[in-house]
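>>> the following block contains a protein sequence and its predicted model.
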Amino acid sequence: MSNAPFNFSAGPAMLPKAVMRQAQEELLNWNNTGVSVMEFSHRDPAYVKMARQAEQDLRDLLAVPDDYEVLFLQGGGRGQFSAVPQNIAAKTATVDYLDTGIWSGYAIREAQKYVREVNVAAGTVETGNGKAIAPRSDWQLSDNAAYFHYCPNETVDGIALHEIPADIQAPIVADMSSNILSEPLDVSRFGVIYAGAQKNIGPSGFAIAIVRKDLLGHPQPELSSIMDYQLQAKDGSMYNTPNTFAWYLAGLVFQWIKEQGGLAAMGEQNHRKAKTLYDYIDQSDFYRNSVHPANRSIMNVPFQLADERLDERFLLQAKDAGLMGLKGHRFVGGMRASIYNAMPLEGVNALIDFMDEFQRNA
Ligand SMILES: *Cc1c(COP(=O)(O)O)cnc(C)c1O
């Protein structure tokens with residue numbers, strides 16, 4: 001492919017070209033061993049060295065404090081929807097959730113299986129200026145919640161909570177599947193951070209959990225061993241055979257982010273990309289985004305055409321122009337441009353050029 005497309009898929013999503021090239025180059029001969037990293041025992045010292053380095057690089061990037069475990073798990077983002085309550089809440093517990101979009105809703109319905117009460121503390125509101133997350137003063141928090149859960153970046157809805165909620169007594173749990181590593185983060189404000197890998201980290205099926213150690217030690221008795229944070233921590237995330245290839249690829253992505261200048265550089269680039277696209281959408285009456293500016297995601301930009309009968313033609317012509325993965329989620333329709341870490345600014349500019357031309361010819 002001489003003209004590789006720009007891939008705006010929401011997930012599995014594009015990964016850095018440099019990482020994919022390196023993985024390709026060493027696919028059959030990893031570390032001068034003559035075999036693929038996929039064919040290595042996870043107990044082999046060379047593999048373990050790589051795996052521990054990947055963990056260290058992730059700790060470096062996020063400046064993870066020492067009192068947190070960093071776990072590499074399986075089962076994707078949704079695996080954590082049950083792992084969280086089963087690991088850190090009793091069956092008799094009440095837990096607080098924000099319901100800010102489709103992923104929060106899935107997390108809530110899963111948690112309901114494992115605790116006595118899931119209290120939905122707040123959701124979204126329609127304002128004259130688009131859909132917004134209810135203001136902090138309107139949240140109905142429980143008195144003794146075992147934890148408070150929210151999704152800082154709703155991948156489908158394109159709704160983000162950019163500040164970490166203040167004045168929350170319970171440990172804060174965040175589903176960062178689609179925004180982890182997109183900008184600097186104060187990990188010390190959280191009890192648990194988790195993320196499925198296929199947006200900003202690596203292949204799907206893999207997941208990361210960053211867990212404050214004092215929350216461990218009281219799992220629900222039915223918690224499956226492979227989802228047991230404490231057991232996995234004790235075994236260096238190798239209680240069972242990990243997804244060795246995903247771990248390796250995630251490690252390459254962490255190194256790539258370091259080479260780009262870390263999360264400060266990523267954040268700057270991501271905010272620039274998002275602002276460029278939102279600014280273009282806002283000055284147009286042909287395209288629109290219906291999220292309040294304060295809650296707009298910098299990773300997933302949904303947008304609608306003024307006339308939805310043009311949607312299909314838009315997608316076909318975009319594909320011909322080398323812009324793929326723009327179809328919105330089946331629940332919300334319209335378009336969505338996912339612009340994760342690996343998407344260069346040139347991709348966003350190419351999208352805007354295409355949108356402009358499409359509008360002129362419509
Ligand atoms: C993609 C995504 C998930 C689900 O991840 P799976 O790996 O498919 O289970 C969960 N939460 C958010 C916010 C996501 O973007």
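Yep, it's here.
>>> ok, for the residue of the chain found nearest the ligand, nearest residue in space, not its chain neighbours?
Among all residues of the chain, Gly76 sits closest to the ligand, at 2.3 Å; criterion: C-beta to the nearest ligand atom. In short, each C-beta sits where N, CA and C put it, glycine included. Excluding its sequence neighbours, the residue lying closest to Gly76 (C-beta to C-beta, 6 or more residues apart in numbering) is Gly196, at 4.2 Å.
>>> mind listing what the one you found touches?
Gly196 is in contact with Gly11, Gly76, Gly77, Arg78, Gly79, Gln80, Ser177, Ser204, Phe206, Ala207, counting by C-beta atoms under 8 Å, 6 or more residues apart in numbering.
>>> would a markdown table of those residues with neighbour count, distance to Val120 and secondary structure be doable?
Shown next, in a markdown table, are these (neighbours: other C-beta atoms under 10 Å; distance: C-beta to C-beta, whole Å; DSSP: H, G, I helix; E, B strand; the rest coil):
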| residue | neighbour count | distance to Val120 | secondary structure |
| --- | --- | --- | --- |
| Gly11 | 20 | 25 | coil |
| Gly76 | 18 | 24 | helix |
| Gly77 | 26 | 20 | helix |
| Arg78 | 16 | 19 | helix |
| Gly79 | 21 | 22 | helix |
| Gln80 | 27 | 19 | helix |
| Ser177 | 26 | 20 | coil |
| Ser204 | 17 | 28 | coil |
| Phe206 | 25 | 29 | strand |
| Ala207 | 25 | 24 | strand |
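>>> would JSON lines of these with pLDDT be doable?
Shown next, in JSON lines, are the contacts of Gly196 (pLDDT from 0 to 100):
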{"residue": "Gly11", "pLDDT": "96"}
{"residue": "Gly76", "pLDDT": "97"}
{"residue": "Gly77", "pLDDT": "98"}
{"residue": "Arg78", "pLDDT": "98"}
{"residue": "Gly79", "pLDDT": "98"}
{"residue": "Gln80", "pLDDT": "98"}
{"residue": "Ser177", "pLDDT": "98"}
{"residue": "Ser204", "pLDDT": "98"}
{"residue": "Phe206", "pLDDT": "98"}
{"residue": "Ala207", "pLDDT": "98"}
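>>> nearest to Ala337 among the residues you listed?
Distance to Ala337, by C-beta to C-beta, is smallest for Gly11 among these, at 13.0 Å.
>>> quick one, phi psi at that closest one?
Dihedral pair for Gly11: phi 150, psi 140, per degrees, to the nearest 10.
>>> now stretch 126-139: average pLDDT?
Taken as a whole, stretch 126-139 has an average pLDDT of 97.
>>> which parts of it are buried?
Gly130, Lys131, Ala132, Ile133, Ala134, Trp139 (16 or more other C-beta atoms under 10 Å).
>>> likewise for stretch 222-234?
Across stretch 222-234, burial judged by 16+ other C-beta under 10 Å covers Leu223, Ile226, Met227, Asp228, Tyr229, Gln230, Leu231, Gln232, Ala233.
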